[in-house]
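Novice: Here you go, sequence then predicted model.
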Amino acid sequence: MRNSAVNCILTAVAVCDIGTMASYLVYIIHFVLRRNNSCTPTFTHSWLQFLLWHVVLSITLHTTSLWLAVAMAFIRRMTLRVTALNSQWQRPRFAWKLCFIIYVIVLVLCIPNMLVHEIAKVEGHNWKPGKTCKGFPSNYSEPVYTFMVSHAATINNCRLFKWNIWMIGILFKIIPCILLIFLSFGLVSKIRDAEKHRRKLTSVPSNASTDSKPLKKKNGTPDRTTLMLVVILLVFLITEFPQGIISILCAIFTTDVHKYLYFYIGDVLDLLSLVNSSVNFVLYCVMSSRYRQTFWEVIIPSWAYAMWNTRRGSPTELSQLQMNNSLRLGRKQSYTPLATEPDPRRDEEYSFEGSMSENRNGGGHRL
């Protein structure tokens with residue numbers, strides 16, 4: 001799992017998604033499910049501090065996840081473009097360095113989120129326990145707190161506040177979505193070109209025997225990677241692009257957007273972020289066999305996994321195919337070749353096999 005650059009980025013994305021959903025879980029339990037509990041104060045100073053860190057943490061992790069998806073598409077694109085084996089784009093060390101750089105840059109850019117809001121006490125409004133609550137003295141009350149725009153964000157005509165909103169809309173949403181569109185379409189185009197090239201090299205003449213029919217059927221199978229990349233692109237566009245548009249509108253029409261738009265669809269935007277984090281896990285498990293295999297090894301007990309793997313057959317057909325390709329091309333076993341990676345040796349073998357098949361089926365009788 002750690003020997004592939006793409007798998008390293010998938011691991012970093014999984015860490016971001018776990019942190020995002022864990023923070024949202026605590027938020028939903030206290031501020032949504034327990035909000036109507038008359039015996040527990042909801043908007044205390046300590047819980048407002050958690051809410052502030054929840055907002056900053058969710059934005060940071062979700063933005064990091066989005067930029068990591070862009071980095072993953074970039075690495076896959078460069079891997080298909082570079083013909084050298086074990087290039088720097090395929091090395092896990094390069095992937096981890098890239099992940100660390102993205103983490104640090106996004107963290108620094110999210111610092112203004114901690115400065116634009118501050119916790120303030122709501123004057124003239126205190127929380128009081130219900131009549132059925134026990135353990136509280138008579139006439140007990142606690143102050144209620146809320147968020148307000150900080151003084152630092154309002155000076156200079158709200159420059160810091162507006163700059164933060166513009167940054168969230170453009171750097172955190174719009175730009176990564178646009179980059180993901182171009183990289184994904186370029187990657188899909190590269191995969192299709194490589195698939196056409198492979199089919200051309202492995203094509204069989206029309207007068208071939210019936211033994212070659214399974215080969216044609218196999219070559220006609222659609223590329224799963226292409227389909228998964230399209231699905232990932234659609235998920236990111238559906239969940240992230242609208243948030244970027246709303247953030248830009250909020251920067252232009254701050255008061256109106258907060259009053260008439262964001263107040264009603266804020267929960268929907270949070271739901272889109274959670275959908276993105278949860279769907280990513282399913283898509284990555286479907287797209288990466290190594291990711292899926294490692295997940296089962298971690299979740300299932302070792303004895304159960306060994307029994308299941310024995311019945312299923314070990315290694316899997318995909319792992320066996322990759323191992324055979326690596327051994328045939330003289331590569332190290334730690335290197336996992338991509339299915340669409342340009343390879344002159346493999347193309348030469350396919351051409352040789354195609355010519356031999358043509359000779360066996362009458363191709364050698366031509367003048």
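Specialist: All right, it came through fine. Bear in mind that the values here come from a model prediction, so they are computed numbers and not experimental data.

Novice: how about the strands in the stretch 1-150 of the chain?
Specialist: All strands of the stretch 1-150 of the chain, identified by DSSP state E, counting those that start in this stretch, fall at 117-127, 142-149.

Novice: ok and the longest helix along the chain relative to strand 142-149, angle-wise?
Specialist: Among the segments of the chain that qualify as a helix by DSSP state H, the longest is helix 45-81. In terms of direction (axes from the mean of the first three to the mean of the last three CA atoms, to 10 degrees), helix 45-81 departs from strand 142-149 by 40 degrees.

Novice: about what we covered before: please name whichever of the strands of the stretch 1-150 of the chain is nearest to A5.
Specialist: Ranking the strands of the stretch 1-150 of the chain by proximity to A5 (CB to CB) places strand 117-127 first, at 37.8 Å. Backbone N, C-alpha and C define where each C-beta goes, glycine included.

Novice: Can you tell me the strand partners of the closest one and which way each runs?
Specialist: Sheet partners assigned to strand 117-127 using DSSP bridges are listed as strand 142-149 (antiparallel).

Novice: Please enumerate residues in contact with whichever helix or strand comes after the strand it pairs with?
Specialist: Per DSSP states H and E, the first helix or strand lying C-terminal to strand 142-149 is helix 151-169. Surrounding helix 151-169, the residues in contact under the criterion CB atoms under 8 Å, 6 or more residues apart in numbering are 59, 109, 112-113, 115-118, 149, 243-248, 250-251, 254.

Novice: Ok, stretch 110-127 next?
Specialist: Looking at stretch 110-127 with CB under 8 Å, 6+ apart, the contacting residues turn out to be 41-43, 45, 48-49, 52, 55-56, 59-60, 63, 141-153, 160-161, 163-164, 167-168.

Novice: If we use 7 Å, what do you get?
Specialist: 41, 45, 48-49, 52, 55-56, 59-60, 141-150, 152-153, 160-161, 164 (CB atoms under 7 Å, 6 or more residues apart in numbering).

Novice: tell me which residues in that stretch are buried?
Specialist: By 16 or more other CB atoms under 10 Å, the buried positions in stretch 110-127 come out as C110, P112, N113, V116, H117, I119, W127.

Novice: Can you add distance to T202 and pLDDT and give those residues back as TSV?
Specialist: Shown next, in TSV, are the buried residues of stretch 110-127 (distance: CB to CB, whole Å; pLDDT from 0 to 100):
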residue	distance to T202	pLDDT
C110	50	89
P112	55	86
N113	53	86
V116	59	88
H117	60	86
I119	66	89
W127	72	87
